[in-house]
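Engineer: missing the sequence, but the structure's below:
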């Protein structure tokens with residue numbers, strides 16, 4: 001079964017916390033994957049790169065993290081105040097494998 005078939009019933013919600021509105025040093029953006037009222041995945045990023053990406057263990061290997069990445073790039077392409085996410089230097093082994101699978105420039109791991 002293709003990974004995107006696992007995404008039926010998953011809703012993706014984008015939120016922005018702009019620096020000018022929150023007093024943060026830079027804007028923070030977040031895409032969440034929801035099944036009903038339950039958050040099953042989230043990705044947050046700043047201008048400097050992905051801060052965190054996480055999927056609930058019961059929902060892993062279903063394409064949710066890849067769809068979070070895709071939705072974040074889609075949001076950046078359509079919103080001038082949103083920077084496109086880029087991979088972080090700080091990646092776990094699993095995070096590194098995922099980053100390679102979705103593509104994009106991979107900075108040397110720290």
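Structural biologist: Alright, I've got the coordinates. Just so we're clear, the structure is a prediction, and the values are computed from it rather than from any experiment.
Engineer: could you use CA atoms for every contact and neighbour count after this?
Structural biologist: OK.
Engineer: tell me how far stretch 91-105 is from the chain's mean position?
Structural biologist: 12 Å (CA atoms, centre = their mean, to the nearest Å).
Engineer: mean confidence for it?
Structural biologist: In this model, stretch 91-105 has a mean pLDDT of 93.
Engineer: and it, what's buried?
Structural biologist: 91, 95-96, 99 (16 or more other CA atoms under 10 Å).
Engineer: one more: stretch 55-74?
Structural biologist: Buried residues in stretch 55-74, counted by 16+ other CA under 10 Å: 55, 62-69, 71-73.
Engineer: from the residues you listed, which land in strands?
Structural biologist: Among the buried residues of stretch 55-74, the members falling in strands (DSSP state E) are residue 55.
Engineer: what packs against the longest helix anywhere in the chain?
Structural biologist: If you go by DSSP state H, the chain has its longest helix at helix 64-78. With contacts taken as 3 or more CA pairs under 8 Å, 6 or more residues apart in numbering; DSSP states H and E, helix 64-78 sits against strand 11-17, strand 28-35, strand 38-46, strand 49-55.
Engineer: I would like the residues contacting that helix, please.
Structural biologist: Outside helix 64-78, the residues that touch it by CA atoms under 8 Å, 6 or more residues apart in numbering are 7, 12, 14, 30-33, 41-43, 53-55, 82-85, 102.
Engineer: now the buried members of those.
Structural biologist: Among the contacts of helix 64-78, those that count as buried by neighbour count (16+ other CA under 10 Å) are 7, 12, 14, 30-33, 41-43, 53-55, 82-85.
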